[in-house]
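Peer 1: Sequence and predicted structure below; questions after.
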Amino acid sequence: MTQATSLPEPKTLADSGVLVVGGSAGIGFACAQKLAEAGVRRLVINARDPERGEAARSRLEQTGATVHFIAGDARDLNDVARITAESERLLGGIDVLVVSTVADNRPELFHDIPVADIGPILHQMLLPTMQMVSEVLPHMSKRQNGVIITVASDAGKTATPGETIIGACKAAIIMFTRTVAVEAKRDGIRANILTPSLVLGTASTERITNDGFSAKLFASAAQQAKLGVPHASELGDLAVFLASPAARRLTGQAISINGGISAA
């Protein structure tokens with residue numbers, strides 16, 4: 001039995017315009033690089049640091065893709081509107097949105113977190129994803145096509161000492177993206193979440209594994225990764241699949257690549 005649908009066919013990667021927020025380093029850069037290597041020809045990356053963003057753009061252009069860099073802070077509403085408008089113009093429409101931003105804090109036991117720090121952590125971790133999706137979604141809905149990939153963490157699935165606020169933020173991103181997936185499916189839009197744990201090849205991992213409580217926490221996590229601690233490029237491979245027509249039936253899912261640290 002076939003089901004009639006008036007929605008357009010999902011775009012191939014070669015026909016898709018891609019915006020990667022947080023695309024100058026870490027998981028965001030790995031996603032941008034893997035998408036370009038898989039056939040994406042029109043790519044915009046966004047980051048706060050212009051120097052690092054231009055360096056990333058130059059590296060990505062070696063794939064043969066046309067790559068633009070837009071400096072801006074996804075925590076700022078004016079920047080969010082500008083990033084979206086410029087990306088729509090440069091790409092001829094944002095077909096794939098990847099949001100992979102990072103915050104400066106690291107895991108600490110809750111009783112060691114000053115109450116004054118809670119608000120800023122929420123601001124850094126939650127606003128970029130929600131604001132970027134909010135700004136881009138109407139454009140995708142109008143075209144009745146689109147892919148949204150957000151990056152959260154296993155901390156949003158499994159209660160972990162030291163990740164009370166972080167876990168709450170990541171759980172919020174997961175539920176936010178899942179609910180967007182349910183609401184937007186009628187417009188041909190798919191939304192999924194990457195939920196890594198410890199990831200090699202990122203400045204964030206280097207920062208949180210240097211010393212203190214977080215170093216002990218992730219040393220223990222690494223021991224649980226019997227299949228090996230994943231590299232950022234492996235998250236990029238998953239992003240390629242999720243962005244492609246091969247995943248046309250997959251939406252609202254939070255998928256972990258963590259080497260066996262957890263089965264959440």
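Peer 2: Everything's here; your move.
Peer 1: and the nearest residue to P50 once chain neighbours are set aside, what is it in contact with?
Peer 2: Here the nearest residue to P50 in space, its sequence neighbours aside, is A71; by C-beta to C-beta, 6 or more residues apart in numbering that works out to 4.6 Å. Quick note: C-beta positions are derived from backbone N, CA and C, even for glycine. Counting by C-beta atoms under 8 Å, 6 or more residues apart in numbering, A71 makes contact with 46-50, 53.
Peer 1: Keep only those of those residues that are in strands.
Peer 2: Among the contacts of A71, DSSP state E puts 46-47 in strands.
Peer 1: Most neighbours among the contacts of A71, please name it.
Peer 2: N46 (29 neighbours; other C-beta atoms under 10 Å).
Peer 1: okay, that one: pLDDT?
Peer 2: What the model reports for N46 is a pLDDT of 98.
Peer 1: which residues does it contact?
Peer 2: If a contact means C-beta under 8 Å, 6+ apart, then N46 has 19-23, 53, 69-72, 74, 83, 87 as its contacts.
Peer 1: now the strands for the stretch 51-200 of the chain?
Peer 2: Listed from the start of the chain, the stretch 51-200 of the chain has strands (DSSP state E, counting those that start in this stretch) covering 66-71, 96-99, 146-151, 189-194.
Peer 1: elements contacting the second one?
Peer 2: Okay, so that is strand 96-99. Packed against strand 96-99, as judged by 3 or more C-beta pairs under 8 Å, 6 or more residues apart in numbering; DSSP states H and E, are the following elements: strand 17-21, helix 26-37, helix 115-143, strand 146-151, helix 232-243.
Peer 1: Let me have those in TSV, adding distance to Q253 as columns.
Peer 2: As requested, the helices and strands packed on strand 96-99 are arranged in TSV below (distance: least, C-beta to C-beta, whole Å):
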stretch	distance to Q253
strand 17-21	20
helix 26-37	16
helix 115-143	16
strand 146-151	11
helix 232-243	9
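Peer 1: which one of these lies closest to S256?
Peer 2: Among those, the nearest to S256 by C-beta to C-beta is helix 232-243 (9.7 Å).
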